[in-house]
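the sequence isn't on hand, but the structure is:
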DNA sequence: AGGCTAATGTCAGCGTCTGACAATTGACAA
DNA sequence: TTGTCAATTGTCAGACGCTGACATTAGCCT
């Protein structure tokens, strides 16, 4: 067995050391077990000991991989968000700010699988999304994470437009509005009974088209 | 002393029983002590035992007044938010939605004192605001509370305009944008070094005026 | 004055999270 | 191959947030 692994190492230059691979496997296993437990029996009714036991590591080890119980719940979200941000950065420079944001988020939802499927099944990721939206303590963290992402988006938008974030309020405001729309869409999707990613994508697109009209002085009836 | 209090009761019909007054005093004392400790030495570095000890009650009693450590940190915010919502409900019916929100929030910031000064000194309230914005766990809860308030605002706006929240996305979107602006203003105020309420009020007003321009397709430079 | 009930204190215990130290196990060179 | 070094893990003790159960105190009302 030792020989086999040594050979495997030779034939796969990128995977680096054995130690590192073991760590990745432990981490993935913790995420999968945690999300499975969270979605099956609820976040609060799942203890860290349960998660650790499922992967056969000590509770102390769990806390060496994740700073707290919340962090493991957002592991797949983290990947998805990175994916989205990368999509924004790849947008053509001549696109208007809101159009770029819109394109990036729709792209990201469309190719969510590629970003997370090595860690968890996409379907588990979506079920976890619902758990987050319906668990008060997780929802709070979720909103803070969104706020942090908005900070990064603001800077990217300002960069694209060649503006200074500290003097021009428009990048901050546009992103704040955009973030609001994303949240509204996510919340409505959670409340509905359609599970698919496409549905969430459609809800998002639909609402983004209503940003302008919602600001009008007098609303048509 | 017993006689004096009995007389005092007679001359003040509303204050109700002695028991109730004692409860109110204990609650106020807990809030004041907690906020003082939080602002002086930080939220995380303050234990519930410290707060309870400062008021000379048991830790168990603290948790009979507040569901958790976070709740006491938002006691004065709670009052302020109620005040703001009441201001919105008192707005003339012919005002446009965004104008009503704008008027309500500026009014509320203008008369913040009256809403909270029996509980804590307004200056302590403002210092606590900064602590909330700069403490990750509190910021998360703050954002969730804002989201809950937005839900109420959405329904009130829809009511004013005679719309159905479930079919028309505009109330949700307007409020989401409005909430974003409030957050941006609050954050900028926290980052600055001006302590006064007026400053926060001005920042808020300024940003509300930029909602329209930020949505424009092409931004002027 | 005395009984009723609400408020408080005490105690035990669960769950999250951390520091400290010892044991294990990959990595790498002699 | 073997031995050393460093990274990973386990174990243990303990702080802190929070809760249920039960005893005690203190306002209320006849």
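Perfect, thanks for sending it. If you're wondering where the values come from, they're calculated on a predicted model, not measured in any experiment. Numbering: from 1, shown residues only, chains lettered A, B, ... in the order given.

the helices in chain A, which residues?
With DSSP state H as the criterion, chain A has helices at A:2-11, A:18-41, A:48-55, A:59-65, A:69-73, A:75-89, A:97-110, A:112-116, A:122-134, A:136-161, A:170-191, A:197-208, A:211-215.

and the longest one with chain B, contact?
So the one you mean is helix A:136-161. Yes. Counting by CB under 8 Å from any CB of the partner chain, contacts between helix A:136-161 and chain B involve A:136, A:139, A:140, A:141, A:143, A:144, A:146, A:147, A:161. Bear in mind the C-beta positions are built from the backbone N, C-alpha and C, glycine included.

try stretch A:116-134
No. Contact of stretch A:116-134 with chain B (CB under 8 Å from any CB) is absent, the minimum separation being 10.5 Å.

centre of the chain versus that stretch, how much separation?
Centroid separation for stretch A:116-134 versus its chain: 9 Å, with CA atoms, centre = their mean, to the nearest Å.

buried stuff in it?
Applying a neighbour-count criterion of 16 or more other CB atoms under 10 Å in any protein chain shown, one finds A:116, A:119-120, A:122, A:124-129, A:131-133 buried in stretch A:116-134.

before we move on, the earlier item: just among the residues of helix A:136-161 next to chain B, which is most surrounded?
Comparing those on neighbour count, residue A:141 comes out first with 24 neighbours (neighbours: other CB atoms under 10 Å in any protein chain shown).

tell me if I'm right that it and residue A:72 touch.
No. Between residue A:141 and residue A:72 there is no contact under CB atoms under 8 Å: 11.7 Å.

can you pull the contacts of the spatially most central residue of chain A?
Residue closest to the mean C-alpha point of chain A, counted by CA atoms, centre = their mean, is residue A:77 at 2.5 Å. Going by CB atoms under 8 Å, 6 or more residues apart in numbering or on different chains, residue A:77 touches A:125, A:128, A:129, A:132, A:142, A:145.

just those residues now: which is nearest residue A:53?
Residue A:53 lies nearest to residue A:128 out of these, by CB to CB, at 20.1 Å.

and residue A:146, what does it touch?
By CB under 8 Å, 6+ apart, the residues touching residue A:146 are A:179, A:182, A:183, B:143.

picking up where we left off before, I'd like the buried residues of stretch A:116-134 written out as TSV, with pLDDT added.
Formatted as TSV, the buried residues of stretch A:116-134 follow (pLDDT from 0 to 100):
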residue	pLDDT
A:116	88
A:119	88
A:120	92
A:122	91
A:124	94
A:125	93
A:126	92
A:127	94
A:128	96
A:129	94
A:131	96
A:132	97
A:133	95
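
now the two most distant members of these.
Largest pairwise distance in the buried residues of stretch A:116-134, by CB to CB, is 20.2 Å, between A:119 and A:133.

before we move on, back to that, buried among the contacts of residue A:146? Need that as a selection in PyMOL.
In PyMOL syntax, the buried subset of the contacts of residue A:146 is picked out as below (16+ other CB under 10 Å):
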select buried, (chain A and resi 179+182+183) or (chain B and resi 143)
